[in-house]
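# Attaching a predicted model along with its sequence, questions to come.
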Amino acid sequence: MSLLIRNAIIADSAGPHRADILCREGRIIAIGRDIQAAGAQILDADGLTAGPGFIDIHVHGGGGSSFFTDDPGDVRAYAAWAPARGVTSFLVSTAAPSHAALAARLAALLPGFETPPGTAEPLGYHLEGPWLSPARRGAFPADYLRPPSIAEVEALHEAAAGRICQVTIAPELPGALPLIHTISRLGAVPALGHTDATIPECRRGIEAGIRHVTHLFNAMRPFHHREGGPIVAALQDPALTCELIFDGAHVEPDVLRLAYRLLGPHRTVIVTDNLHLAGLDAGQARFAGETITVRGARAQKDDGTIVGSVEPFDIQFRNAIDILGLDLPTAFRLAATNPARVAGVETRKGQLEPGFDADIVLLDADHHVAVTICRGEIAYRRG
């Protein structure tokens, strides 16, 4: 079955213009005026703006489904829930309290990656640890942390059937540099995060292969004028992409504006850091054996430590537009094109172009999600 989207407003660098979009067999076949396709399902997009579907490369769940379980049904349930928030693909961000538990989790969740068209696509895993700084572990319990081990990452790579796409690591840890080399060799992106590193230690990690930064500002040594730490190292290096959380709680808006002034539109990546509580009204839940409470946009432990965000992607997308003063083409770059590059799928996702996957979000005039299309099938239609 083909899908023909009629009369959408295309948001790109050439300026907004109206066009039809023809999708067939999960791909965009053509974009132009007055496209004819006999027998195609017609979707009238008059008044709606089309862009590439959102890609969340740092998310732990949402809509009640968590990636901190061994149930592949949670991955499938999240994939069905996420299109209502404009998300068409994502990385499964997870962790576990031991090597055996993490290896088992990666293997157990793999069947959940087989999601049908009409749901968001899991692109692979993001391991947030276990090679994190004890001083900057954030909400992760101490027993989730382990010293860098090449043998361990190779075993996890095998358990995950080669589906690890991103690994967060603190480069100052003993043995971290050869581990960063190994992560790159295995085809994943080493990401600077949960780190107490100095600028020289960060630069050694970057030389070893770090190419990305996990939630810039959060769970890392703060900026100081005599030692800028990972924040200054990340902002200064033009080769690094950086995640920013736009929920209004993780990073103050003026700080987001300052970071974006240095990062620009090609290095900034919107992520949610969502927990399973995202999109729910639940006030409390459990994480790693502790009670977490929702306070506004964030979930936190009793001591105030932030565990994650509960603001879904579409809200953070609109926040980014408002806080940074973005036009829509730039906002889509931050939400789709840049994360596609980090996840290694930039040749098939993250752009509204013929030949790319038919992952499309249609927004109304207020930038709210009206329709989401996943691999050529309507996954969500408001109302």
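Arrived safely.
# Show me what the lowest-mean-pLDDT helix or strand in the chain is packed against.
Here the helix or strand of the chain ranked lowest by mean pLDDT, DSSP states H and E is strand 284-287, holding a mean of 80. If you count contacts as 3 or more CB pairs under 8 Å, 6 or more residues apart in numbering; DSSP states H and E, strand 284-287 packs onto strand 290-295, strand 298-301. Yep, even glycine has a C-beta here, placed from its N, CA and C like the rest.
# May I see the buried residues of the longest one?
Across strand 290-295, burial judged by 16 or more other CB atoms under 10 Å covers 292, 294.
# ok, back up a step: looking at the helices and strands packed on strand 284-287, spot the one closest to residue 230.
Closest to residue 230 of those, according to CB to CB: strand 298-301, at 21.2 Å.
# Remind me what that closest one packs against, helices and strands.
By 3+ CB pairs under 8 Å, 6+ apart, strand 298-301 packs against strand 284-287, strand 290-295, strand 306-309.
# and the ones you listed, which one's lowest on average pLDDT?
Mean pLDDT is lowest for strand 284-287 among the helices and strands packed on strand 298-301, at a mean of 80.
# What strands flank that one, and is each parallel or antiparallel?
Paired neighbours of strand 284-287 in the sheet (DSSP bridges): strand 290-295 (antiparallel).
# how distant is the partner strand from the center of its chain?
22 Å (CA atoms, centre = their mean, to the nearest Å).
# mind starting the numbering at 45 from now?
Understood, numbering begins at 45; the last thing we discussed is strand 334-339.
# In CSV, list the C-alpha atoms belonging to that strand.
Below are the C-alpha coordinates for strand 334-339, written out as CSV (Å, rounded to 0.1, in the frame of the first residue of the first chain):
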residue,chain,number,x,y,z
GLU,A,334,14.5,3.8,45.7
THR,A,335,11.4,6.0,45.6
ILE,A,336,11.4,8.7,43.0
THR,A,337,9.0,11.6,43.0
VAL,A,338,7.9,13.7,40.1
ARG,A,339,8.6,17.4,40.7
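# Stretch 271-288: which residues count as buried?
Buried residues in stretch 271-288 (16+ other CB under 10 Å): 272-279, 281, 284-288.
# now, which of those lie within helices?
Judged by DSSP state H, these include 273-279 as members of helices.
# out of these, which one sits closest to residue 81?
residue 278 (46.1 Å).
# and that closest one, what does it touch?
Shown in contact with residue 278 (CB atoms under 8 Å, 6 or more residues apart in numbering): 236, 246, 257, 260, 284, 286.
# The third one contacts residue 288, doesn't it?
No. Counting by CB atoms under 8 Å, residue 257 sits too far from residue 288 to count as a contact (9.4 Å).
# With only the CA atoms kept, save the least confident helix or strand of the chain in PDB.
Output of strand 328-331 as PDB, limited to C-alpha atoms (Å, rounded to 0.1, in the frame of the first residue of the first chain):
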ATOM      1  CA  GLN A 328       5.800   8.400  42.500                       C
ATOM      2  CA  ALA A 329       7.500   5.300  41.300                       C
ATOM      3  CA  ARG A 330      10.500   3.100  42.100                       C
ATOM      4  CA  PHE A 331      14.000   3.200  40.500                       C
END
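# First-to-last residue distance for stretch 200-214?
18 Å (CA to CA, to the nearest Å).
# Now do it, average pLDDT.
Averaged across stretch 200-214, pLDDT comes to 98.
# Could you check it and say which residues are buried?
Judged by neighbour count (16+ other CB under 10 Å), stretch 200-214 contains these buried residues: 200-201, 203-204, 207-214.
# show me where the stretch 145-294 of the chain has strands.
All strands of the stretch 145-294 of the chain, identified by DSSP state E, counting those that start in this stretch, fall at 165-172, 208-213, 233-236, 256-257, 285-289.
# ok, back up a step: okay, the helices and strands packed on strand 328-331 in a markdown table with distance to residue 253 next?
Converted to a markdown table, those look like this (distance: least, CB to CB, whole Å):
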| stretch | distance to residue 253 |
| --- | --- |
| strand 334-339 | 33 |
| strand 342-345 | 31 |
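# closest to residue 316 out of these?
That would be strand 342-345 among the helices and strands packed on strand 328-331, by CB to CB, at 11.3 Å.
# Direction included, what does the closest one pair up with?
Here, using DSSP bridges, strand 342-345 pairs with strand 334-339 (antiparallel), strand 350-353 (antiparallel).
# Fine by me, thanks again.
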